[in-house]
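Colleague: Got a sequence here, can you model it:
(chains A and B)
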Amino acid sequence: MTGKTIAEKILSAKSDSDVRAGDVVICRIDHLVATDGSMPMTIDYFERMGGTSIANAENASVSLDHYSPPPNRTTADLHNQIRKFAQQHGMSVFEVGDGIGHQVMMETGRALPSDLVIGADSHTVTYGALNALATGVGSSDLAAAMIAGRIWLRVPETIKVNLDGTMGDKVHAKDIVLSLVKELGADGAAYKSLEFAGPGIANLDMDARALLANMSVEMGAKCGLFAVDETTRAYLTANGSRQGTPVSPDPDATYCQVVEIDLSRVEPQIALPHQVDTVVPVRDAPQAPIHMIYIGTCAGGRASDLHEALAILRQGERIAPGVQMIYTPASRTTLSQVSKDGTLAEFVEMGGVIQTAGCGSCCGTCGVIPGDGINVISTANRNFKGRMGNPEASIYLASPITCAAAALNGRITNPKDIAS
Amino acid sequence: MTGLAIKGRARVLGDDINTDYIISSRRKRDSLDPQVLRQYLLESVDPNFAATVEPDDVLVAGENFGCGSAMEVAATVVVGAGIKAVLAKSFSRTYYRNAINNGLLPVICDTSAIKEGDRLSISLGDGFHVRNETAQTDLTAEPLSPVVYAIVMSGGLVNCFQSLGGFPDPAQV
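Modeller: Numbers count the residues shown, from 1 in each chain, chains lettered A, B, ... in the order given. Predicted coordinates:
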């Protein structure tokens, strides 16, 4: 028998069995998480399934992030319903303004190496950056998991993504993952695990890893996993989190596919409307006019994203006339950090607008909605038609660096053409 | 649910129909009721789609149906519109689970030759069997895993929990 991938090892441990890709297992869950988008239906399923209590309620959280703040009475009432249920059953609540649940989960040590985390949100995969097998489900599966403390999962095949080298100037982890989405396609990793490996990982900080893991679902993946190294340990220590139990793949593990990426050859990339896998190098993209720059979401709303954007914005005298520039911090901690380091004020003085920490405008559930005919360039992970709340707007996805270059010129611009 | 059979009209869609296209996230701000949301079904693909849905229509898609968000309204809105099955070359894993859990049948088969309006019949025996009555052809559907089969036979995860008190045991089914 050959060795195991990270996914096979974690799911073997959580099911007390020796499992391989293709096996279906019932696993113990270490942490559950829902959002205000998925929780109302979760409560409904929980009650219909006859649920009376949550197994391991101390490891169950719900994040009020999609409607942060609630844009109307209906969603405000949903928040009250969620708070009431959470209090009754002992779940933790991440309040309005605490940020995107996925960021808070990572910051508060609720997703640790080798944990199995189930979340009723597709971007639960983000915590794979911390060596947790984290995957998204719907509200009914989450309700069942709350009652049973377990879930059935198919052990995924694994695609190994070998990263080598160092990224060049004005290149960002977003460009790596957009390159990968282009190569594999929007379903290229469907039902599979992506395991990021290789010497290039040492050059990626935790924000970069979280972005790669986050967008693994844009290729259909069940999870996107990293092994633990010094960067992981330092991140956990800095947040006062426990270290968990790191899991590494066996050297003779079986992979269904291996993708090699030389980071030194990655160039700025952009996903054109309205599919995340219609990716082209920015230098080959049409220089379409841009009316709105959006920096935010669980893909691109961290402090480093604002910092990277500002480094480019500082190269110009001002942003192009008529361009709206919006930042939605990923979390309260992120907001606090950019407030203290002065970059928030700098962004505002350049004409930027700040929204409440949370999911913001990502899927049109709260915050700014682009108008008809508006072209948005965004650090988000999805650009489906109508995604930001208006099917008559067009969304381009790029790094904060490329977004900032577009803000200066009012059109899609290769950041390499901005003098520094 | 043994002997379950569906007859319906094919409504053909393309590849990569994401959950935001099935039902826009912004519509969830006002209601989660499938009977309200059904009027917006697939509005980003075709604003007239919802108005032309008939009971027992069968959605027929290409690759990666239900990609994007894991939001379960994307399954319940389809059920709410009276649709009982979706045929696709492949599904996103979250949509597949949500469909099974809500009694919507996700059938994996080669849908390339199915045309808009074709009469389809789908039956469930030890797995799904699909016949295109219009083209007089039989399609081979991918078999169901035992756990999925048990949930389908229960009529969804709520029924499964009510009758079994939990998940079907993969070792037993």
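Colleague: Low-confidence ranges, the chain, go.
Modeller: Assuming you mean chain A. Of all residues in chain A, none has pLDDT under 70.
Colleague: hmm, I had chain B in mind actually
Modeller: Along chain B, segments meeting pLDDT under 70 span B:1-3, B:170-173.
Colleague: Which parts of it are strands?
Modeller: B:5-12, B:58-60, B:85-88, B:105-108, B:119-124, B:128-132, B:137-140 (DSSP state E).
Colleague: packing partners for the shortest one?
Modeller: This points to strand B:58-60. When contacts are defined as 3 or more CB pairs under 8 Å, 6 or more residues apart in numbering or on different chains; DSSP states H and E, strand B:58-60 packs onto strand B:5-12, strand B:85-88, strand B:119-124. Quick note: C-beta positions are derived from backbone N, CA and C, even for glycine.
Colleague: Mean neighbour count, those strands: which tops it?
Modeller: strand B:85-88 (a mean of 26; mean count of other CB atoms under 10 Å in any protein chain shown).
Colleague: near chain A at all, that one?
Modeller: No. Strand B:85-88 is not in contact with chain A by CB under 8 Å from any CB of the partner chain; minimum separation 10.7 Å.
Colleague: partners of that strand in the sheet?
Modeller: strand B:58-60 (parallel), strand B:105-108 (parallel) (DSSP bridges).
Colleague: The ones you listed into a markdown table, with extra columns for mean neighbour count?
Modeller: Output for the strands paired with strand B:85-88, formatted as a markdown table (neighbours: other CB atoms under 10 Å in any protein chain shown):
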| stretch | mean neighbour count |
| --- | --- |
| strand B:58-60 | 26 |
| strand B:105-108 | 22 |
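Colleague: Kindly reformat those as a markdown table and extend each row with distance to residue A:101.
Modeller: Shown next, in a markdown table, are the strands paired with strand B:85-88 (distance: least, CB to CB, whole Å):
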| stretch | distance to residue A:101 |
| --- | --- |
| strand B:58-60 | 31 |
| strand B:105-108 | 27 |
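Colleague: list the contacts for residue 31?
Modeller: Using chain A. Residues in contact with residue A:31 (CB atoms under 8 Å, 6 or more residues apart in numbering or on different chains) are A:59, A:60, A:61, A:105, A:110, A:111, A:115, A:117, A:118.
Colleague: that's the wrong chain, I wanted chain B
Modeller: A:74, B:37.
Colleague: 10 Å instead?
Modeller: With contact set as CB atoms under 10 Å, 6 or more residues apart in numbering or on different chains, residue B:31 has these partners: A:74, B:37, B:40, B:73.
Colleague: can you redo the helices and strands packed on strand B:58-60 as CSV with distance to residue B:111?
Modeller: Conversion of those to CSV gives the following (distance: least, CB to CB, whole Å):
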stretch, distance to residue B:111
strand B:5-12, 8
strand B:85-88, 5
strand B:119-124, 10
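Colleague: For residue A:13, which of the ones you listed is the nearest?
Modeller: strand B:85-88 (33.4 Å; CB to CB).
Colleague: how much space between the most centrally placed residue in chain B and residue B:130?
Modeller: Residue closest to the mean C-alpha point of chain B, counted by CA atoms, centre = their mean, is residue B:86 at 3.4 Å. Noted for residue B:86: a distance of 12 Å to residue B:130, by CB to CB, to the nearest Å.
Colleague: Tell me the residues that contact both of these two, please.
Modeller: B:58, B:107, B:111.
Colleague: Go through the residues you listed and name the one nearest chain A.
Modeller: residue B:111 (14.5 Å; CB to the nearest CB).
Colleague: Now do the helices in the stretch 1-150 of chain A.
Modeller: For the stretch 1-150 of chain A, the helices defined by DSSP state H, counting those that start in this stretch cover A:6-15, A:39-48, A:73-89, A:101-107, A:139-148.
Colleague: Over to the stretch 301-420 of chain A?
Modeller: Here the stretch 301-420 of chain A has its helices, by DSSP H, counting those that start in this stretch, at A:303-313, A:332-340, A:343-349, A:400-409.
Colleague: Rebuild those helices as TSV, extending it with mean neighbour count and distance to chain B.
Modeller: Shown next, in TSV, are the helices of the stretch 301-420 of chain A (neighbours: other CB atoms under 10 Å in any protein chain shown; distance: least, CB to the nearest CB, whole Å):
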stretch	mean neighbour count	distance to chain B
helix A:303-313	24	22
helix A:332-340	18	23
helix A:343-349	16	27
helix A:400-409	28	21
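Colleague: Relative to residue A:214, which of those helices is closest?
Modeller: helix A:303-313 (12.2 Å).
Colleague: quick one: the closest one to helix A:400-409, angle?
Modeller: 40 degrees (axes from the mean of the first three to the mean of the last three CA atoms, to 10 degrees).
Colleague: Okay, residue B:143 and chain A: tell me how far apart.
Modeller: 13 Å (CB to the nearest CB, to the nearest Å).
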